[in-house]
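1. Sequence first, predicted model second:
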Amino acid sequence: MLRRLFIALSESRRLRHMAERSAAGRRLSSRFVAGTAVEDALTATRAVNQLGMSVSLDNLGENVTDAAEARQSAALYHQLLDAIAAQNLNANVSLKLTHMGLDVDEALAQQLVSDLVAKASLLNSFVRVDMEGSAYTELTLQFVRRLHQQPANASRVGAVIQSYLYRSAQDVEALLAERIRIRLCKGAYNEPAQIAFPQKSDVDANYVKLMKLLLKSGVYHGIATHDEKMIEATKAFARAENIAPDQFEFQMLYGVRRDLQQQLVREGWRMRVYIPFGTEWYPYLMRRLAERPANVFFIARNLFR
């Protein structure tokens, strides 16, 4: 019930408008969002790097409605890639295609993302194309595959697979055939039972199945989860199959289970923290609360300290 509630809240334009412009809203989001400006994100990145963890930076935003806004979003990502290289940070970037203008002009989005991946290649960096709702799944994977097929982009662009979709096993097989790097997550959108597993146990079972395919592939992937059962299953499989800790990485969200992040680093596993920033934080925060409603109580305790 709470999951459905927070997903519905994430889609409310009225509440989003109010929250993103209020001081109370910004304070509410501060645990999970690094700030509103590039320098906020870079400061958070330096702090995470000092703890022995790498970073994926995401300028929050989606479903832009005009070409100028899409170009502005892409320009900020160019700024991020330059800053990461100039400051020698252990970081790369993540972006959404609808933030790059996919809903406005598919060709424009393709060009903007292609330019960013080309820059990442020159700077020895990487661009992760995030997954959005199921309406965008096929188009997003086609984008990534076309970009990856350009020789200079090999290993410089990656995809995201959500284990709650029935189609994900087939998508993983297709991406692995082209040796495309994958971030595996469970998924945070409200999808119908016709296309997604409705039961958590089935989502978890599919996650473990896909994780094993990724770890055995010989390609460097990200296992993105805060679920300790999924983490333990991953560690056990890696050990049983003699897969070295540097052959993949765990990924977690900024501000979520910091204790577990640091524990994994101490144990010798690789960890990447997904750090979002920007003014358009409301949908992101609501989806994080939908994933783990216990975060509501965590935020409340911190607000009243």
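-> Now that the structure is in, tell me what you want to look at.
2. Was I right to think Leu214 contacts Phe248?
-> Yes. Look at Leu214 against Phe248 with Cβ atoms under 8 Å: they come within range, at 7.1 Å. To be clear about C-beta, it is placed using only N, CA and C from the backbone, and glycine gets the same treatment.
3. what's the overlap in contacts for the two?
-> Residues touching both Leu214 and Phe248 (Cβ atoms under 8 Å, 6 or more residues apart in numbering) are His221, Ile223.
4. what's near enough to touch the residue sitting nearest the centre point of the chain?
-> In the chain, the residue lying closest to the centroid (Cα atoms, centre = their mean) is Asp130, at 5.6 Å. Neighbouring residues of Asp130 by Cβ under 8 Å, 6+ apart: Asp58, Ser94, Leu95, Lys96, Val160.
5. Report how many residues lie close to Arg167.
-> 15 (other Cβ atoms under 10 Å).
6. Phi, psi for it please.
-> phi -70, psi -10 (degrees, to the nearest 10).
7. Which residues are in contact with it?
-> Counting by Cβ under 8 Å, 6+ apart, Arg167 touches Thr137, Ile195.
8. What separation is there between it and Gln262?
-> 35 Å (Cβ to Cβ, to the nearest Å).
9. next one: Tyr220
-> Taking Cβ to Cβ, one finds Tyr220 at 22 Å from Gln262.
10. quick one: which of those two has more around it?
-> Higher neighbour count among Tyr220 and Gln262: Tyr220, with 17 against 14, using other Cβ under 10 Å.
11. so the more buried one touches Arg181, yeah?
-> Yes. The pair Tyr220 / Arg181 is scored as a contact, 5.9 Å apart, by Cβ under 8 Å.
12. what is in contact with these two at once?
-> With Cβ under 8 Å, 6+ apart as the test, Tyr220 and Arg181 both reach Ser155.
13. for the stretch 151-300 of the chain, which spans come out with low pLDDT?
-> 281-300 (pLDDT under 70).
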